[in-house]
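Fold the following for me, if possible:
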Amino acid sequence: MNRLLLPLILLLITPFASHAIDLENGKKQARSCALCHGHYGQGTPGPASPRLAGTPAGYMIKQIEAYINEDRINPRMVVTSSLHSLSEDDIDDIAAYYESINLDKINPVLNHIPLWRGDVALGRELYEGDCKSCHRKNGMGKSRKGIPALALQYPRYLFRQIKMFQWDKRVHDDDPEDDTFDNLSDKEIEALLSYVSSLAPNNKK
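Below is the predicted model:
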């Protein structure tokens, strides 16, 4: 083979180098996120500020992009976090930074998930029928596939998101036709969350 052609051929068949993750930049860019989600991304037990610590990076990138593209609507958060000023590399770094946070190592108290009252037996039935295949039996999700851990998220936040799915304010599982939650009553949602919250490490018996 002609030696002059070899570098050109390698350039054509070699994928472009991916962005080298910079956790320090991610931490720096995430300062505005900390105003609502906490210094370590621990979030709050209410419906508006979910836990970000430990969230799979792939999932977080998709959600940040959804807010920027207005597929998810939260103008106050978009402005507060200056999402439109972030580069793609910044978003990658922020997502990787939050995924890297282990609250148990920082302070186990920050990793506490409150129990949600409800029919645990019914919740288990609903979970195993509709949620287990993606979020796993233990509710810890699938990090490599970008599927979040429900067992590490606050129940009040999850309740609100399920209602958002029902109201067509959010798309579940990237499928606009998904009807997983359409027919669930509030009582059934509460039952589901009672079981999910029981899967949290601090609530396991």
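
where do the helices sit along the chain?
Under the criterion DSSP state H, the chain contains helices at 6-13, 23-29, 31-37, 57-68, 75-80, 88-100, 103-106, 120-130, 132-135, 155-166, 186-198.

Kindly reformat those as TSV containing distance to Gly141.
From N, CA and C alone the C-beta is placed, and that goes for glycine too. Formatted as TSV, the helices of the chain follow (distance: least, CB to CB, whole Å):
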stretch	distance to Gly141
helix 6-13	35
helix 23-29	20
helix 31-37	18
helix 57-68	8
helix 75-80	22
helix 88-100	12
helix 103-106	15
helix 120-130	13
helix 132-135	5
helix 155-166	13
helix 186-198	11
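
what's the closest of those helices to Pro176?
helix 155-166 (10.9 Å; CB to CB).

So which elements touch the closest one?
Here helix 155-166 touches helix 186-198, going by 3 or more CB pairs under 8 Å, 6 or more residues apart in numbering; DSSP states H and E.

Compute the mean per-residue pLDDT across the helix it packs on, please.
Taken as a whole, helix 186-198 carries a mean pLDDT of 98.

who does that helix touch, helix- and strand-wise?
Based on contacts counted as 3+ CB pairs under 8 Å, 6+ apart, the elements that helix 186-198 packs against are helix 120-130, helix 155-166.

what does that helix contact?
Here helix 186-198 makes contact (CB atoms under 8 Å, 6 or more residues apart in numbering) with 113-120, 122-124, 126-127, 131, 139, 150-151, 155, 158-159, 162-163, 181, 184, 203-204.

Done for today, thanks.
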